[in-house]
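The following block contains a protein sequence and its predicted model.
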Amino acid sequence: MNPMQFAIDAVGGQTAAARLCGLSNVAIHKWVKNEALPRTEYTEKTNYSQVLAEASAGKFTAEWLRQVANPDRVK
């Protein structure tokens with residue numbers, strides 16, 4: 001399964017994730033489409049994985065999401 005879709009579903013869908021992260025639905029859709037967090041997550045400019053993990057009621061951790069949704073991983 002797409003790790004970003006799993007994470008987004010766990011927090012209540014794209015609209016909820018966008019609201020939590022202060023982004024547009026289009027930005028969240030791109031994460032799902034690319035199956036990855038934005039690169040800013042790995043340069044420590046953003047912390048979306050932590051925001052989403054905290055809102056997931058324990059369904060996943062920020063560390064897990066950063067690992068499986070890394071844009072540099074081999075698909």
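Done, it's in.

Now do the lengthiest helix in the chain: everything it contacts.
Ranked by residue count and defined by DSSP state H, the top helix of the chain is helix 25-34. Applying Cβ atoms under 8 Å, 6 or more residues apart in numbering, the contact partners of helix 25-34 are 2, 4-5, 8, 14-15, 17-18, 21, 37-38, 69, 71. Just so you know, the C-beta spots here come from the backbone N, C-alpha and C atoms, and that holds for glycine as well.

again, 7 Å this time
2, 4, 5, 8, 14, 15, 17, 18, 37, 71 (Cβ atoms under 7 Å, 6 or more residues apart in numbering).

Can you classify the closest residue in space to the last one that isn't next to it in sequence by secondary structure?
In space, not counting the residues next to it along the chain, residue 71 is nearest to residue 36; the distance is 4.0 Å by Cβ to Cβ, 6 or more residues apart in numbering. Secondary structure state of residue 36, per DSSP: H, G, I helix; E, B strand; the rest coil, is coil.

Residue 45 now?
Residue 45 ends up coil, using three-state DSSP.

State the mean pLDDT of the next helix or strand after the longest helix of the chain.
Next helix or strand after helix 25-34 toward the C-terminus (DSSP states H and E): helix 48-55. Here helix 48-55 scores 98 as its mean pLDDT.

Would you agree residue 36 is in contact with residue 69?
Yes - using Cβ atoms under 7 Å, residue 36 makes contact with residue 69 at a distance of 5.0 Å.
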